[in-house]
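Enquirer: Test case, fold it:
(one chain, ligands or ions: 1)
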Amino acid sequence: MDRAFPAYDWQPTKPPEPGEEDISPRLPSLISLLNRQTRCIYHHPYQPRLWYDRANTLTALRYPELAVGDAQKALMLCRSALDRLSENGNRWRLGHAAGFWMRSGGSDDDDDDDDDENVVATRDEQLQQRLTDLQSDAFELQIRNLYYFPNYLEGRVRSRPYPWMRGEHRGRSDELIRQVNREFAWSSQGRDEEIKACNGVSPDEGVPFCVLRRYAFGKGAHDGQDGSDVLGVFAAKDIPKGTPILVDLSETWGCIGPGSKRHSTGNPRDGRGCTDPIHPNLPSEDTSQDLRWIRERTGSAAADVLLRCRFLIRSIRDQTPHPLSHPLIARLTPTYRQDKTGLFSLDHDIVVPNECLQQFGIDIFADPAYDTWVLFTLAARIENNSWSDPVHKCVSPLFSLFNHSCAPNVEWTIGRDHTTLWVRSSREMGRGEQLFVMYDNFLLGQPLSERRKRLRRWLDADCQCSLCVQEEQEEQRLRGERNKCDCGCGGCDKGNQTSLWDVEQKPVFPEDSYRVVHRGERE
Ligand SMILES: C[S@@+](CC[C@H](N)C(=O)[O-])C[C@H]1O[C@@H](n2cnc3c(N)ncnc32)[C@H](O)[C@@H]1O
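Expert: Alright, predicted model coming up:
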């Protein structure tokens, strides 16, 4: 947020509201204020006032989730300062700007004008008052940015790219693509016997099955880009039907807790839930890294929240300078659906991830790499690339790069551990063919319009698979046939002039019947 950006890049995450003020004339000054305030935070990260001020700017810029995140940091700092102030005999006192600590008392203290107990007490009271006022202002600002129903601590948000995001975090680099291709190669290694057992000898033993490439749907424009950042997985050699192409293990997953429903079968802990006693922890983790508190705090959202925390923990462990540069995160593309408004939760999306970051040693005030906007960017990427069952939510590092087709050539199954995916060819494929999975099995046998509607869950635009493209062309052709004029000229637009409907009278839709009934009553 310290980076200036052009006003046309600004896309607020707050859903538009009627009667909203047009802030475009104020945008340039708000942007430079945001940049300045961010730089001040870098220099004085423990000053609650600075976080509160930036929260105000973010509110004006219509980023409610980020305003709530900054206000939360102001609240945390105020709370900890007030706790310190109330500690008896505390030798550390707050500075006038409320938020940094300085030593008081003692003969070698530079600031020993304050030795008089009464002066110190008065200063403490004033400071306490200022902190309490700031706390209520920050809380009030949070409430303004949150939605009131059904849960007071949730807000509404539309996922959008943040305009200050640096170029290297906006697309996938060639180096990253090479790294993923090395992972595809490793995933094929040592599996010749298994594959031979399925289909006899593979023609190019040692050559991986898959390769990741750019321009998965051709060179055409995609979301204003040239298609170079639309990746897809292609067959690196001929693949017979029924070949196990990939076993994709993941460490980035989350699970809901043990179930609690009575009389259920299959779960020794009684009820639908995770049956693994060590989950959500990994065998390699020690007690200081125990994540069960997240599961207990977040209830039915646990799988989702834990999954996000897992990504953050991976980035911390691997000492990546910025989580969005971590190869497991950098490979994931987000979806920004134009019209979809989602809910964010103060606790699940902000407070819990921040506490998890602190548990793993991140200073959430002083480390801008883990700022709130990074948490929301990560969430948008996970949302577009995860799969889930009723108990788990998981991002598989290689599977997440497969595109969807309504006529797929690859099928996938979830392993018993709920974190490994098995991918197998469902028909013979030639080298160079793109490998497609089906994102949603309920699409099978549905008409084009229904498939497109359901696919909006994952895609920003209409499905580009060949089945959809062919069916769309066929529909257009049929529409063209129907609209052709019957006067013999072959070119007049009589069809368009008469009616949009291909029957004599416009059919009655539910909204029309409402009017008909009411008109009938009045007449
Ligand atoms: C799980 S990712 C697949 C890999 C992705 N193409 C990439 O570049 O990282 C899902 C995203 O791929 C794109 N995608 C996948 N299948 C598609 C399809 N049939 N038509 C259009 N876009 C598709 C969409 O942008 C979707 O949000």
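Enquirer: Give me the pLDDT for Trp92.
Expert: In this prediction, Trp92 carries a pLDDT score of 55.
Enquirer: nope, Ser284 is what I was after
Expert: Note for Ser284: predicted pLDDT of 88.
Enquirer: what sits against it?
Expert: By CB atoms under 8 Å, 6 or more residues apart in numbering, the contact set of Ser284 is empty. From N, CA and C alone the C-beta is placed, and that goes for glycine too.
Enquirer: Show me the strands in the stretch 201-350 of the chain, by range?
Expert: Across the stretch 201-350 of the chain, reading from the start of the chain, the strands by DSSP state E, counting those that start in this stretch fall at 210-213, 232-235, 244-249, 253-255, 342-345.
Enquirer: winner for burial among those strands?
Expert: strand 253-255 (a mean of 26; mean count of other CB atoms under 10 Å).
Enquirer: number of nearby residues for Glu428?
Expert: By other CB atoms under 10 Å, 14 other residues sit near Glu428.
Enquirer: Isn't it up against Pro240?
Expert: Yes: the pair Glu428 and Pro240 qualifies as a contact (CB atoms under 8 Å) at a distance of 5.7 Å.
Enquirer: roughly how far apart are the residue sitting nearest the centre point of the chain and the ligand?
Expert: For the chain, the residue nearest the mean C-alpha position is Ala380 (1.7 Å; CA atoms, centre = their mean). When CB to the nearest ligand atom, to the nearest Å is applied, the distance between Ala380 and the ligand equals 11 Å.
Enquirer: check contacts around Asn56.
Expert: Ala67, Leu141.
Enquirer: so it, which of the three states?
Expert: Classification of Asn56 into helix, strand or coil gives helix, according to DSSP: H, G, I helix; E, B strand; the rest coil.
Enquirer: how about the strands in this protein?
Expert: Listed from the start of the chain, the chain has strands (DSSP state E) covering 92-94, 101-103, 154-157, 210-213, 232-235, 244-249, 253-255, 342-345, 387-388, 392-394, 403-404, 410-414, 420-425, 436-437.
Enquirer: Same list, those strands, but as a markdown table with distance to the ligand please.
Expert: Compiled in a markdown table, the strands of the chain are given as follows (distance: least, CB to the nearest ligand atom, whole Å):
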| stretch | distance to the ligand |
| --- | --- |
| strand 92-94 | 48 |
| strand 101-103 | 46 |
| strand 154-157 | 18 |
| strand 210-213 | 9 |
| strand 232-235 | 6 |
| strand 244-249 | 13 |
| strand 253-255 | 16 |
| strand 342-345 | 15 |
| strand 387-388 | 9 |
| strand 392-394 | 13 |
| strand 403-404 | 4 |
| strand 410-414 | 12 |
| strand 420-425 | 13 |
| strand 436-437 | 7 |
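Enquirer: Let me know which of the strands of the stretch 201-350 of the chain is the nearest to Ile41.
Expert: When the strands of the stretch 201-350 of the chain are ranked by distance to Ile41, counting by CB to CB, first place goes to strand 342-345 at 21.6 Å.
Enquirer: Who does that closest one pair with, and is each partner parallel or antiparallel?
Expert: Strand partners for strand 342-345, identified by DSSP bridges, are recorded as strand 154-157 (antiparallel).
Enquirer: to the chain's geometric centre, what's the distance from the strand it pairs with?
Expert: Here strand 154-157 is found 14 Å from its chain centre; the criterion is CA atoms, centre = their mean, to the nearest Å.
Enquirer: now do stretch 451-460
Expert: Remark: stretch 451-460 is offset 17 Å from the chain centroid, using CA atoms, centre = their mean.
Enquirer: residue in the stretch 251-400 of the chain nearest to the ligand?
Expert: Sorted by distance to the ligand under CB to the nearest ligand atom, the residues of the stretch 251-400 of the chain start with Thr333, at 3.8 Å.
Enquirer: What residues does that residue make contact with?
Expert: Thr333 is in contact with Arg172, Asp229, Leu231, Arg381, Asn384, Asn385, counting by CB under 8 Å, 6+ apart.
Enquirer: returning to that earlier point: is it possible to export the strands of the stretch 201-350 of the chain to CSV including mean pLDDT?
Expert: Output for the strands of the stretch 201-350 of the chain, formatted as CSV (pLDDT from 0 to 100):
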stretch, mean pLDDT
strand 210-213, 95
strand 232-235, 95
strand 244-249, 91
strand 253-255, 92
strand 342-345, 92
